[in-house]
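[1] Okay, structure incoming, though there's no sequence with it:
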């Protein structure tokens, strides 16, 4: 077998479509089997541009005139499927006759895989954005249930270690005659009123660096000094309490429903932790909480009652008057004081 015959056999066997055409009229001199399968067997006198749809004779001008290599990617529709071919055409010569060598590769599968990858990438990006939005929504929800510091611990370790805070102060507010109001008022109205008032309380609590822990019905509980220590925790809760009452007084002037509240302050130690496994709730327990809860019962409507041990901390910023000793259930006898108006307007202590 001659070298030329061996070369021709190799060209027929490879998976690349190969054709050789004359440069003068683009008539076929040779084509292999893959080329015929993709573009059909060239008929007698057929030209290259007749066999390959989308290939124009003018496109080959620079190739024939200047010897530049022609490269293109052509899409050819075969029945219901569109095939994509990478076509390269270069110059050659044989026995002084100018020829063009046409190489064709079926890259349909490659383009389909690239399209699939692009689709998957877009889907992954879309899912990632949805997960980020869901993560932010869950984070906002959890931050409504627990302080940020506690949330960061919970996010990092999956649990929250109960912490004893030796010096905190607590403000406990309870509305007067709420049960009677709730029984004779549409629940939607009751809920709207509480939502409006508690939202205002939340802003006040945040202004003074305190932390709203929870609401139980009409009761509102906030603390200062936990989870981040605060030296002025006593005055912080007292400022919150006076601002709560001032807000209610102003609100009562323009709203149909008039609200009055009793407020108790407590100071001492407290334990903070996340309670529950399936439903997470950050809660506080301890003497300071119990004291505030007990003392709000001793307050007259729109008044604030605190233990005498807070008097030294509050007397420079508030009008403080003695009430005297009272026997507190579960605690014993405690000297109480009444906390009145602020003596000066303090600058709210932002936590940030």
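    Ah, there it is. If you're wondering where the values come from, they're calculated on a predicted model, not measured in any experiment.
[2] Do you have the strands of this structure handy? List them.
    Using DSSP state E, the strands of the chain run over 17-22, 28-31, 70-78, 81-94, 97-106, 163-175, 211-216, 219-224, 261-275, 281-285, 303-307, 318-328, 332-342.
[3] Can you pull up the most central residue in this structure?
    Geometric centre of the chain, nearest residue: residue 136, 2.5 Å, by Cα atoms, centre = their mean.
[4] how far does the longest helix along the chain sit from the chain's center?
    Taking DSSP state H as the criterion, the chain has its longest helix at helix 108-145. Centre-to-centre, helix 108-145 and its host chain are 12 Å apart (Cα atoms, centre = their mean, to the nearest Å).
[5] Okay, angle between that helix and strand 81-94 too, please.
    Interaxial angle of helix 108-145 relative to strand 81-94 (axes from the mean of the first three to the mean of the last three Cα atoms, to 10 degrees): 130 degrees.
[6] between helix 108-145 and strand 70-78, how big is the angle?
    On the basis of the same axes, to 10 degrees, helix 108-145 is oriented at 80 degrees to strand 70-78.
[7] For helix 108-145, which helices and strands make contact with it?
    strand 81-94, helix 148-157 (3 or more Cβ pairs under 8 Å, 6 or more residues apart in numbering; DSSP states H and E). For glycine as for every other residue, the C-beta is placed from the backbone atoms N, C-alpha and C.
[8] Quick one: closest of these to residue 318.
    Nearest to residue 318, of all those, is helix 148-157, at 28.8 Å by Cβ to Cβ.
[9] you'd agree residue 324 is up against residue 337?
    No - taking contacts as Cβ atoms under 8 Å, residue 324 lies outside contact range of residue 337: 9.2 Å.
[10] Between the two, which is the more surrounded one?
    The residue with more neighbours, out of residue 324 and residue 337, is residue 337; 23 against 8, by other Cβ atoms under 10 Å.
[11] and that one, how far is that from residue 122?
    Taken as Cβ to Cβ, to the nearest Å, the spacing of residue 337 relative to residue 122 amounts to 66 Å.
[12] Where does the prediction get shaky in the stretch 201-350 of the chain?
    Applying pLDDT under 70 to the stretch 201-350 of the chain picks out residues 344-350.
[13] Recalculate using a threshold of 80.
    In the predicted model of the stretch 201-350 of the chain, residues 217, 275-281, 344-350 satisfy pLDDT under 80.
[14] From residue 284, how far off is the closest residue to residue 29 other than its chain neighbours?
    Distances taken as Cβ to Cβ, 6 or more residues apart in numbering place residue 20 nearest to residue 29, at 4.5 Å, with adjacent residues excluded. Per Cβ to Cβ, residue 20 is found 88 Å from residue 284.
[15] More neighbours: those two, which one.
    The neighbour comparison of residue 20 against residue 284 (other Cβ under 10 Å) goes to residue 284, with 23 against 17.
[16] coming back round to it: let's have the strands of the chain in TSV, adding distance to residue 45.
    Shown next, in TSV, are the strands of the chain (distance: least, Cβ to Cβ, whole Å):
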stretch	distance to residue 45
strand 17-22	12
strand 28-31	9
strand 70-78	22
strand 81-94	20
strand 97-106	17
strand 163-175	93
strand 211-216	91
strand 219-224	95
strand 261-275	87
strand 281-285	88
strand 303-307	107
strand 318-328	109
strand 332-342	106
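[17] Of those, which is nearest residue 232?
    Residue 232 lies closest to strand 219-224 among the strands of the chain, at 7.9 Å (Cβ to Cβ).
[18] For the closest one, buried residues please.
    Buried positions in strand 219-224, judged by neighbour count with 16 or more other Cβ atoms under 10 Å: 220, 221, 222, 223, 224.
[19] Show me the shaky parts of the stretch 1-150 of the chain.
    Low-confidence segments of the stretch 1-150 of the chain, defined by pLDDT under 80: 1-15, 60-68, 78-79, 95, 145.
[20] Pairing partners for the residue nearest to residue 29 in the sheet, please.
    As for beta bridges, residue 20 partners with residue 30, residue 101 under DSSP bridges.
[21] I am finished for the moment; much appreciated.
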